[in-house]
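Student: Turn this into a structure:
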Amino acid sequence: MNTEISRPSFRRTLRRISIISVIITMTLIWLLLAVTLVLTLKQYGPDIPLTAHDSFISHYILLSLGVLTGCILLASCVALIISRYLHNGIIQALQNITDVVYDVRTHRNFSRRVADERIEEFHHFAQDFNSLMDEMEEWQLSLQAKNAQLLRTALHDPLTGLANRAAFRHAITTLMQDDTSRACSALLFLDGDNFKYINDTWGHAVGDCVLIEVAKRLTEFGGKHHLAYRLGGDEFAMILSNVASEYEVQRISAALSQQFFRPINLHNGSTASMTLSIGYALTWEHDMTESLLELADKNMYQAKQRHSRTL
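Tutor: So this is what the prediction gives:
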């Protein structure tokens with residue numbers, strides 16, 4: 001048996017209690033008055049001189065009982081109306097409470113609050129419930145902030161602030177699954193040409209400073225359209241969006257290389273230079289993510305070999 005269907009509502013239960021109470025009360029009053037009337041007539045009837053036909057007396061008694069019954073029914077209706085009016089305040093207060101509780105439980109809307117009620121018990125309940133909601137909302141906001149921080153930590157490089165390898169893998173996989181984005185995007189792999197020399201010469205602190213500056217220039221160059229990632233060490237990646245041809249990709253790659261012709265100012269007052277070897281791959285020429293990554297990596301190492309021969 002479905003208990004949700006068979007379980008009566010509070011409104012219906014309260015209405016039944018009111019009706020039953022009024023019926024029982026008015027029935028007892030009717031019986032009391034009727035018995036009193038009959039006993040009075042039996043006791044004092046012989047001493048009261050009446051001049052009337054028996055049928056008229058019977059009619060009078062029935063009429064009296066009918067009027068009495070009508071008055072009791074009228075009083076019952078008035079009592080039910082007043083009782084229902086008074087109960088509406090209780091029902092509305094409970095309905096407000098249940099609406100808030102349902103919204104909190106179903107939609108996790110911890111900003112909801114129970115309105116203040118004029119009934120003392122409901123007033124105290126609303127205060128306690130709202131205090132509990134304040135604590136839960138504060139807890140939820142704190143949890144959301146911690147989750148956001150954990151997500152940022154998991155998907156961002158702590159040194160440069162760029163998105164990390166995990167974020168890159170997710171982004172490139174999502175892009176390759178979207179035919180519209182894949183038709184106008186490209187992938188760049190970037191690798192520092194002389195980062196090991198900088199690290200060995202000036203130490204890791206200077207190396208970190210160089211990486212931070214590289215990330216800054218990549219971010220400034222890419223803006224909101226071309227997103228940069230740090231894959232590890234001096235390896236970076238950039239996803240180009242809204243590119244229409246291979247020529248445009250080559251033009252962007254050349255412009256990006258020029259950003260690193262300027263020397264990098266170090267915290268000790270010195271300067272360092274680090275160029276980047278860039279390899280690209282066009283997403284619209286690949287159906288699989290792995291083949292795209294392999295081609296970009298291959299082209300990047302070919303560019304690195306050319307730079308090595310030049311240096």
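Student: What residue spans form the domains of the protein?
Tutor: Taking automatic domain parsing as the domain assignment, the ranges for the chain are 3-109, 113-155, 165-310.
Student: any chance of the ones you listed in JSON lines, plus mean pLDDT and mean neighbour count?
Tutor: C-beta here means a position set from N, CA and C on the backbone, and glycine is covered the same way. Converted to JSON lines, the domains of the chain look like this (pLDDT from 0 to 100; neighbours: other Cβ atoms under 10 Å):
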{"stretch": "domain 3-109", "mean pLDDT": "71", "mean neighbour count": "12"}
{"stretch": "domain 113-155", "mean pLDDT": "84", "mean neighbour count": "13"}
{"stretch": "domain 165-310", "mean pLDDT": "91", "mean neighbour count": "16"}
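Student: So which elements touch whichever strand or helix holds Ile72?
Tutor: Using DSSP states H and E, Ile72 falls within helix 54-107. Applying 3 or more Cβ pairs under 8 Å, 6 or more residues apart in numbering; DSSP states H and E, one finds that helix 54-107 contacts helix 10-44, helix 120-155.
Student: what do you get if the cut-off is 7 Å, keeping everything else the same?
Tutor: Judged by 3 or more Cβ pairs under 7 Å, 6 or more residues apart in numbering; DSSP states H and E, the packing partners of helix 54-107 are helix 10-44.
Student: before we move on, the earlier item: relative to helix 120-155, how tilted is the helix holding Ile72?
Tutor: 20 degrees (axes from the mean of the first three to the mean of the last three Cα atoms, to 10 degrees).
Student: Figure out how far helix 54-107 is from the centre of its chain.
Tutor: Mean-position distance between helix 54-107 and its chain equals 44 Å (Cα atoms, centre = their mean, to the nearest Å).
Student: Please apply the same query to stretch 227-239.
Tutor: Stretch 227-239 sits 33 Å away from the centroid of its parent chain (Cα atoms, centre = their mean).
Student: Touching that stretch from outside, list them.
Tutor: Stretch 227-239 is contacted by residues 157, 160, 162-165, 167-168, 171-172, 175, 185, 187-192, 195, 211, 215, 218-219, 222, 226 when judged by Cβ atoms under 7 Å, 6 or more residues apart in numbering.
Student: With Leu63 as the reference, measure out to Thr69.
Tutor: 11 Å (Cβ to Cβ, to the nearest Å).
Student: same question, Phe125
Tutor: 53 Å.
Student: And for His156?
Tutor: 93 Å.
Student: Could you do Val101 as well?
Tutor: For Val101, the distance to Leu63 - Cβ to Cβ - is 56 Å.
Student: Next: Leu28.
Tutor: Using Cβ to Cβ, Leu28 is found at 22 Å from Leu63.
Student: surely Asp244 meets Cys184?
Tutor: Slight slip there: residue 244 is Ala, not Asp. Yes. Counting by Cβ atoms under 7 Å, Cys184 is a contact partner of Ala244 at 6.4 Å.
Student: Spit out the contact partners of Trp30.
Tutor: Taking Cβ under 7 Å, 6+ apart as the test, what Trp30 contacts is 68-69, 72.
Student: If you could redo that for Phe261, that was the one I meant.
Tutor: Residues counted as contacts of Phe261 (Cβ under 7 Å, 6+ apart): none.
Student: same thing with Ser18?
Tutor: By Cβ under 7 Å, 6+ apart, the contact list for Ser18 reads 80, 83-84, 87.
Student: and which of the residues you listed is nearest Lys304?
Tutor: Nearest to Lys304, judged by Cβ to Cβ, of the contacts of Ser18 is His87 at 83.3 Å.
Student: what's the spacing between the closest one and Phe129?
Tutor: Applying Cβ to Cβ, the value for His87 to Phe129 is 22 Å.
Student: Check Gly203 too.
Tutor: Counting by Cβ to Cβ, the gap from Gly203 to Phe129 is 60 Å.
Student: Over to His170?
Tutor: When His170 is compared with Phe129 (using Cβ to Cβ), they lie 41 Å apart.
Student: And the closest residue to Arg112 other than its chain neighbours, how far from Gly89?
Tutor: Excluding the flanking residues, the one nearest Arg112 by Cβ to Cβ, 6 or more residues apart in numbering is Val100, at 4.8 Å. In this view, Val100 and Gly89 are 17 Å apart by Cβ to Cβ.
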